[in-house]
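based on what follows, work out the 3D shape:
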Amino acid sequence: MARAIMIQGTMSNAGKSLLAAGLCRIFRQDGHRVAPFKAQNMALNSFITPEGLEMGRAQVMQAEAAGIQPSVLMNPILLKPTNDAGSQVIVGGEVMGNMSAWDYYDYKSQLIPKVREAYEELAAQYDIIVIEGAGSPAEINLKRDDIVNMGMAKMAKAPVLLVGDIDRGGVFAQLIGTVMLLDEDERDLVKGLIVNKFRGDRAILDPGLVLLEEKAGVPVVGVAPYLHIQVEDEDSLTERFEGGGRPVDLIDIAVVRLPRISNFTDFDPFESIPGVSLRYVRNVSELKDPDMVILPGTKNTMEDLRWLRQSGMEAAILKLAGKGRIIMGVCGGYQMLGTSLSDPEGVEAGGSMRGMGLLQMDTVFSSKKTRTQVEGVFTQMGGALGALQGVGFSGYEIHMGEPVFAGDTHGLDQVTDRVTGTTKQDGACSGNVYGTYVHGIFDREAVAKGIVSAIGRAKGLDVSEIQAVDFAAFKETQYDLLADGLRSSLDMERIYQILEEGVGER
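Presented below is the predicted three-dimensional model:
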């Protein structure tokens with residue numbers, strides 16, 4: 001059975017996911033077979049494995065850092081919020097159903113065997129498991145039948161490194177307060193403290209670290225810097241969402257920040273292209289006059305379309321479409337572009353509503369969920385992005401609902417389902433309006449570069465110098481930078497010692 005170490009945080013967005021990924025990379029570089037694990041993830045950013053099973057993207061990112069293929073064993077429970085008080089519950093990669101927050105809280109103890117089974121199967125395959133917690137272990141109202149923080153640490157007999165975010169302020173209160181609120185047997189599991197996202201002169205911080213160790217009774221094993229790297233962010237907390245007002249570059253792409261946005265990592269490849277501004281916009285004043293508008297995925301297409309309409313964003317986007325701007329929808333955003341959406345089974349909001357009318361397509365929701373990986377090629381690209389004709393791509397589909405086409409709308413591409421082996425048409429285009437169900441469609445260099453080059457040519461720019469990157473290779477460089485930053489700031493000798501000693505006495 002693998003040795004385990006666990007990263008817990010004083011709050012959400014303290015940096016657990018990134019630190020876990022960094023440790024995965026360091027252990028891999030040091031010659032160990034390492035895998036990530038998070039018992040329960042609440043996120044709208046999800047991924048489909050080659051088997052057609054669904055898991056959180058944070059563990060996919062950590063698996064990439066570890067140099068291994070992602071598996072649902074790494075994230076046995078995924079909660080995808082459907083509203084402020086309920087979530088779709090996914091267990092072992094399969095949809096179990098929707099539950100209110102209270103119903104799930106009351107039910108989760110029944111999932112402990114599933115968590116244990118997944119963890120033990122994973123631990124039998126690797127040397128080290130890096131476990132990530134969720135939120136804070138000091139949420140005293142949620143401690144009963146905990147399966148993701150101290151409950152998981154006890155199950156795996158994993159020593160805990162507790163992380164606090166100094167960038168938000170109050171890091172000493174965060175760390176000391178969290179330790180004080182733990183039960184005695186839980187405090188015994190905490191073997192090290194990490195101050196994360198530090199900027200400035202370390203010498204000014206050192207006196208506080210001495211007092212921190214005295215009051216918490218736990219050694220500080222590192223002060224991690226604020227790292228400027230491009231890796232996937234945690235759902236809804238990403239700083240990318242604050243960029244609606246950032247300066248517009250030569251080529252401007254605006255992603256609409258829907259209230260229930262999902263899989264916003266689809267658009268990360270554009271951020272690595274010089275001369276391109278990728279902005280997440282929440283209102284008409286931030287939208288401005290972009291070259292391309294992207295409607296992203298969403299966990300509730302109908303409710304987010306209603307928001308789009310009420311906020312005035314729909315009217316603004318329709319106006320841009322009338323001016324010939326490129327409009328592209330992915331998954332739920334694609335469904336919004338059609339003429340109507342109907343939900344006879346009450347999968348989302350129920351009933352029916354008018355779509356944006358930019359694609360002659362109706363969407364009918366059903367309880368059947370499409371989950372698959374695909375390989376495809378653009379076959380019917382017209383309009384401004386016609387140069388993408390014949391370009392290949394890969395990705396995955398996660399959606400509930402199928403299109404019914406009418407009028408002159410035609411398929412955007414042809415995809416082969418990697419799970420079933422069948423080939424089908426995907427997406428639609430009409431003029432400069434495009435839609436697809438494929439997440440990750442921009443990851444290949446030829447696709448992202450092709451879109452940016454097409455926009456540049458239409459604006460009369462010299463596109464010969466436009467350079468994109470192979471996004472998979474680019475991410476590898478970022479994981480190495482992450483590992484380098486953590487090696488230089490964490491006491492890795494002490495962390496290896498903690499890993500070897502396990503949960504014995506400090």
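
what are the boundaries of the helices in the stretch 301-450 of the chain?
In the stretch 301-450 of the chain, the helices defined using DSSP state H, counting those that start in this stretch lie at 301-310, 313-322, 332-336, 445-458.

in CSV, list the ones you listed along with distance to Phe264 and mean pLDDT.
C-beta: built from backbone N, CA, C; applies to glycine. Shown next, in CSV, are these (distance: least, C-beta to C-beta, whole Å; pLDDT from 0 to 100):
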stretch, distance to Phe264, mean pLDDT
helix 301-310, 13, 96
helix 313-322, 16, 98
helix 332-336, 11, 97
helix 445-458, 15, 94
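
for Gly222, find the nearest of those.
The minimum distance between Gly222 and the helices of the stretch 301-450 of the chain falls on helix 445-458, with 35.5 Å, by C-beta to C-beta.

other residues contacting the helix or strand just after that closest one?
Counting by DSSP states H and E, the element after helix 445-458 in chain order, helix or strand, is helix 471-487. Identification of contacts with helix 471-487 by C-beta atoms under 8 Å, 6 or more residues apart in numbering yields 18-19, 21-23, 25-26, 29, 64-65, 222, 224-225, 227, 229-231, 268-269, 272, 442-445, 448.

hmm, 6 Å instead?
Residues outside helix 471-487 that contact it (C-beta atoms under 6 Å, 6 or more residues apart in numbering): 22, 25-26, 65, 225, 227, 229-231, 269, 272, 443.

can I get the next helix-or-strand element following it in PDB? Just the C-alpha atoms.
Counting by DSSP H and E, the next helix or strand C-terminal to helix 471-487 is helix 492-501. Taking Å, rounded to 0.1, in the frame of the first residue of the first chain, the C-alpha atoms of helix 492-501 are listed here in PDB:
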ATOM      1  CA  MET A 492      11.300  18.900   1.100                       C
ATOM      2  CA  GLU A 493      13.700  17.000   3.400                       C
ATOM      3  CA  ARG A 494      11.300  17.500   6.300                       C
ATOM      4  CA  ILE A 495       8.300  16.700   4.000                       C
ATOM      5  CA  TYR A 496       9.900  13.400   3.000                       C
ATOM      6  CA  GLN A 497      10.500  12.700   6.700                       C
ATOM      7  CA  ILE A 498       6.800  13.400   7.400                       C
ATOM      8  CA  LEU A 499       5.800  11.100   4.600                       C
ATOM      9  CA  GLU A 500       8.100   8.300   5.900                       C
ATOM     10  CA  GLU A 501       7.000   8.700   9.500                       C
END
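
where does the chain dip in pLDDT?
Residue ranges of the chain with pLDDT under 70: 233-246, 407-410, 504-506.

please redo it, this time with the cut-off set to 80
Within the chain, the stretches with pLDDT under 80 are 83-85, 233-246, 349, 406-411, 468-469, 504-506.

quickly list the domain ranges of it.
3-41+63-68+110-231+476-501, 251-460 (automatic domain parsing).

reformat the ones you listed as CSV; add mean neighbour count and distance to Gly97.
Output for these, formatted as CSV (neighbours: other C-beta atoms under 10 Å; distance: least, C-beta to C-beta, whole Å):
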stretch, mean neighbour count, distance to Gly97
domain 3-41+63-68+110-231+476-501, 19, 13
domain 251-460, 20, 10
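
right, and these - which one's nearest Ala85?
Among those, domain 251-460 comes nearest to Ala85, with 13.1 Å by C-beta to C-beta.

from Ser87, how far out is Ala321?
34 Å (C-beta to C-beta, to the nearest Å).

do the same with Met492
For Met492, the distance to Ser87 equals 37 Å [C-beta to C-beta].

closest to Gly135 out of the helices of the stretch 301-450 of the chain?
Among the helices of the stretch 301-450 of the chain, the nearest to Gly135 by C-beta to C-beta is helix 301-310 (25.0 Å).

quick one: the closest one to helix 313-322, angle?
80 degrees (axes from the mean of the first three to the mean of the last three C-alpha atoms, to 10 degrees).

send me helix 301-310 as CSV with only the CA atoms.
C-alpha atoms of helix 301-310 as CSV (Å, rounded to 0.1, in the frame of the first residue of the first chain):
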residue,chain,number,x,y,z
THR,A,301,-28.4,26.3,-19.8
MET,A,302,-32.0,27.6,-19.5
GLU,A,303,-31.4,29.6,-16.3
ASP,A,304,-28.2,31.1,-17.7
LEU,A,305,-29.9,32.0,-20.9
ARG,A,306,-32.6,33.8,-18.9
TRP,A,307,-29.8,35.7,-17.1
LEU,A,308,-28.3,36.5,-20.4
ARG,A,309,-31.6,38.0,-21.6
GLN,A,310,-32.4,39.9,-18.4
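
output the contacting helices and strands for that helix.
When contacts are defined as 3 or more C-beta pairs under 6 Å, 6 or more residues apart in numbering; DSSP states H and E, helix 301-310 sits against helix 332-336.

tell me how far the helix it packs on lies from the chain's centre.
On the basis of C-alpha atoms, centre = their mean, to the nearest Å, helix 332-336 sits 19 Å off its chain's mean C-alpha point.

got a list of contacts for it?
By C-beta under 6 Å, 6+ apart, the residues outside helix 332-336 that reach it are 295-298, 301, 305, 356, 363, 435-436.

identify, from these, the entry nearest to Ile129.
Nearest to Ile129 among the contacts of helix 332-336 is Gly297, at 30.2 Å by C-beta to C-beta.

wait, what's in contact with that closest one?
262-263, 330-332.

okay, those residues in CSV with distance to Asn98 next?
As requested, these are exported to CSV (distance: C-beta to C-beta, whole Å):
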residue, distance to Asn98
Ser262, 16
Asn263, 19
Val330, 23
Cys331, 19
Gly332, 17
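
for those residues, which one is nearest Gln59?
Closest to Gln59, out of all of these and judged by C-beta to C-beta, is Asn263, at 14.6 Å.

beta partners for the closest residue to that closest one other than its chain neighbours?
Once flanking residues are discounted, Asn263 sits nearest to Gly297: 4.5 Å by C-beta to C-beta, 6 or more residues apart in numbering. As for beta bridges, Gly297 partners with Ser262 under DSSP bridges.

how close does Gly297 sit to Ser46?
According to C-beta to C-beta, Gly297 and Ser46 sit 10 Å apart.

now do Phe267
In terms of C-beta to C-beta, Phe267 sits 16 Å off from Ser46.

same check, this time on Val463
Distance from Val463 to Ser46, counting by C-beta to C-beta: 34 Å.

who's more crowded, the two?
Set Val463 next to Ser46 and count neighbours by other C-beta atoms under 10 Å: Ser46 wins out with 26 against 17.

hang on, isn't the more buried one packed against Glu54?
Yes. Taking contacts as C-beta atoms under 6 Å, Ser46 lies within contact range of Glu54: 5.3 Å.

for Gln425, list the residues it contacts.
Under the criterion of C-beta under 6 Å, 6+ apart, the neighbours of Gln425 are 411, 414.
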